[in-house]
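A.B. asks: the sequence and its predicted three-dimensional model are supplied below.
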Amino acid sequence: MPTHYAGSATEVLALDTFIKLTRALESFGGRLARRNSAGGLTPSQFGVLESLYHLGSMRQGEICAKLLRSGGDITLVVDNLENHGLVRRERGTEDRRVVVVSLTEAGQALIEQVLPGHVAAIVEEMGALTAEEQETLGRLCRKLGKRDS
């Protein structure tokens, strides 16, 4: 659905591209959600578990930076994961203000169980694009995401 904004050609192109990007992301995410490829975890919960799985224990602030989420959002997500016994928080020994989040054995087991199916679902969804198109899309998304304000 193109924009109905009656602006300059540059404005219309930018808005149309933004609409396509947003709709593609929402559609992609919706299809993954319907497949339950994340094992019933929210995208943020999955992101926290996956980050801890691949990168090891991290401070909450580091998790925020990795997932591009606010401190309040990650605090709530970590609270819920901790309540389900999937992560644990520990205060830093040298600086008590530092809170380090780690996977528990249950969290490790869950992400190891869910991750292969999630990856398979993503691979299948990305099958709509050739390998070259996926590389191009990746480069373009990185360029757009890294753009200085």
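C.D. replies: Alright, I've got the coordinates.
A.B. asks: pull out the buried positions in the biggest helix by length in the chain.
C.D. replies: With secondary structure taken from DSSP state H, the chain has its longest helix at helix 9-35. In terms of neighbour count (16 or more other C-beta atoms under 10 Å), helix 9-35 has its buried residues at Leu32. The way it works is simple: take the backbone N, C-alpha and C, and place the C-beta from them, glycine included.
A.B. asks: domain map for this protein?
C.D. replies: Per automatic domain parsing, the structural domains of the chain span 1-35, 42-138.
A.B. asks: list the contacts of the closest residue to Gly92 other than its chain neighbours.
C.D. replies: Using C-beta to C-beta, 6 or more residues apart in numbering and skipping residues adjacent in sequence, the residue nearest Gly92 is Val98, 3.3 Å away. With contact set as C-beta atoms under 8 Å, 6 or more residues apart in numbering, Val98 has these partners: 59, 91-92.
A.B. asks: which of these has the most neighbours?
C.D. replies: Arg59 (14 neighbours; other C-beta atoms under 10 Å).
A.B. asks: so which helix or strand takes in the most centrally placed residue in the chain?
C.D. replies: The centroid of the chain falls nearest to Gly47 when counting by C-alpha atoms, centre = their mean (5.1 Å). Using DSSP states H and E, Gly47 falls within helix 43-55.
A.B. asks: buried ones in that helix?
C.D. replies: Quick answer for helix 43-55 (16+ other C-beta under 10 Å): 44-52.
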